[in-house]
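Trainee: one predicted model, sequence on top.
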Amino acid sequence: MKAKKILKKGIFTAALLNSSMLAAVTLSFDVGFVTLQDLNITQVSSLSFGQNVFGTASSQCTTSPSFNDTTGTGAVANADITDGLSGAGCINISDSVTNNFSGIYVLNGEPGQTVNITVSSVSATDFNFDPEILAVDDTAAYSAATTVTRDQPETMTLDTTSGNINLVIGGTITIGSTSLTANTTYTEQFDITATY
């Protein structure tokens with residue numbers, strides 16, 4: 001009987017020694033990441049009201065872009081956009097695909113990632129500019145374009161294959177309180193900001 005107790009104690013002690021050896025293991029594991037692709041904005045065509053603005057104090061001129069083929073997809077070109085000019089501050093020009101007043105810009109980044117897009121107004125001495133923005137990725141039909149509110153961040157998802165969002169920008173210019181000089185070029189800059 002005594003021998004059995006000693007044997008049991010020996011087995012129990014050996015089991016404890018074995019388990020404590022197993023509890024002392026250390027293994028190394030990787031931690032890592034891949035950095036996101038940079039966001040880039042490319043101009044396809046510039047926003048211009050042409051030589052159609054009178055420059056009369058406090059007058060306005062507007063170009064409002066729309067898609068002429070709502071079933072189209074992919075990169076946006078001038079031929080996909082209908083626009084014209086209207087307002088007391090400019091020669092009124094009927095909407096047409098050949099006018100090309102609206103600007104087209106491509107935002108590119110990590111495919112499938114969410115971004116915040118802000119297009120800012122311009123407040124300047126010679127004229128103010130309030131942008132009007134349409135945004136669509138390369139996969140969605142143009143009819144699904146989002147109307148982006150100026151000066152407000154709009155959350156969108158970059159195209160899952162190309163990483164692109166196409167921005168079509170028109171808007172309204174308002175001449176300042178002083179009439180501008182005839183036959184003179186006037187330019188201001190507006191900002192497109194994109195963040196992950």
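Mentor: Looks like it arrived, so ask away.
Trainee: show the pLDDT at residue 9.
Mentor: On the pLDDT scale, residue 9 is placed at 59.
Trainee: which residue lies nearest the spatial centre of this structure?
Mentor: residue 117 (4.3 Å; CA atoms, centre = their mean).
Trainee: and the strands in this protein?
Mentor: Under the criterion DSSP state E, strands of the chain are mapped to 40-45, 60-63, 66-67, 81-85, 93-96, 103-108, 114-119, 127-137, 146-148, 154-157, 164-175, 192-195.
Trainee: okay, those in TSV with mean pLDDT and distance to residue 33 next?
Mentor: (C-beta placed from N, C-alpha, C; glycine too.) Formatted as TSV, the strands of the chain follow (pLDDT from 0 to 100; distance: least, CB to CB, whole Å):
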stretch	mean pLDDT	distance to residue 33
strand 40-45	98	21
strand 60-63	98	44
strand 66-67	97	39
strand 81-85	98	40
strand 93-96	97	48
strand 103-108	98	21
strand 114-119	98	18
strand 127-137	98	25
strand 146-148	97	30
strand 154-157	98	21
strand 164-175	98	24
strand 192-195	98	19
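Trainee: out of those strands, the one nearest residue 31 is which?
Mentor: Ranking the strands of the chain by distance to residue 31, with CB to CB as the measure, places strand 114-119 first at 24.4 Å.
Trainee: buried ones in that closest one?
Mentor: Neighbour-count burial for strand 114-119 flags 115, 117, 118, 119 (criterion: 16 or more other CB atoms under 10 Å).
Trainee: tell me which of those is nearest to residue 142?
Mentor: residue 117 (17.3 Å).
Trainee: any idea what the closest one is bridged to?
Mentor: Listed by DSSP bridges, the beta-bridge partners for residue 117 are residue 154, residue 194.
Trainee: now for it: which residues touch it?
Mentor: Counting by CB atoms under 8 Å, 6 or more residues apart in numbering, residue 117 touches 107, 135, 148, 153, 154, 156, 165, 167, 192, 193, 194.
Trainee: residues in a beta bridge with the residue lying closest to the third one once chain neighbours are set aside, which ones?
Mentor: Counting by CB to CB, 6 or more residues apart in numbering, the nearest residue to residue 148 once its immediate chain neighbours are dropped is residue 133, at 3.9 Å. Residue 133 has these beta-bridge partners by DSSP bridges: residue 148, residue 169.
Trainee: if I look at residue 133, how far off is residue 111?
Mentor: Distance, residue 133 to residue 111, using CB to CB, to the nearest Å: 22 Å.
Trainee: can you check residue 182 too?
Mentor: 49 Å.
Trainee: between those two, which one's more packed in?
Mentor: residue 111 (16 against 7; other CB atoms under 10 Å).
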